[in-house]
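1. Next comes the sequence, and after it the predicted model I'd like to discuss.
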Amino acid sequence: MGNKKHSKPTWWKNTFFWFGGALGVLGVVALVAGDKVIRDPGQVVESNLALYYLIGAGIMLVNGWMSHKQAVQHYEEAESDSAERPV
């Protein structure tokens, strides 16, 4: 490809963390105030809706951690390859 220098991956640019955090906040709010604060209009009433949000938040955070770890690994491999290549 080119000799373009890649920027180092940062965790806060990974949207999995943002969505996981948002789901976590909504799940905690639902635990405190009740499921009806996060239920969509017309949605079938289900028990433990807050728990579903918290489980979803956990899944998103694990996914973010895994994708960030992979991005850092890819960055380190790209940097070591570019350092070994003569210009």
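-> That came through fine. Computed from a prediction, not measured in an experiment: that's the story for all the values here. Residues are numbered from 1 along each chain as shown.
2. From the contact counts, what lies against the helix or strand of the chain with the lowest mean pLDDT?
-> Across the helices and strands of the chain, mean confidence by mean pLDDT, DSSP states H and E is lowest for helix 49-84: a mean of 91. Packed against helix 49-84, as judged by 3 or more CB pairs under 8 Å, 6 or more residues apart in numbering; DSSP states H and E, are the following elements: helix 15-33. Heads up, the C-betas are built off the backbone N, CA and C, glycines and all.
3. Run the angle between the helix it packs on and helix 49-84 for me.
-> 160 degrees (axes from the mean of the first three to the mean of the last three CA atoms, to 10 degrees).
4. If you count neighbours, what's buried in the least confident helix or strand of the chain?
-> Neighbour-count burial for helix 49-84 flags 49-50, 52-54, 56-57, 60-61, 64, 67-68, 71 (criterion: 16 or more other CB atoms under 10 Å).
5. Setting aside sequence neighbours, what's the nearest residue to the residue positioned nearest the centre of the chain?
-> By CA atoms, centre = their mean, the chain has its centre lying nearest to residue 16, at 1.7 Å. Using CB to CB, 6 or more residues apart in numbering and skipping residues adjacent in sequence, the residue nearest residue 16 is residue 64, 3.1 Å away.
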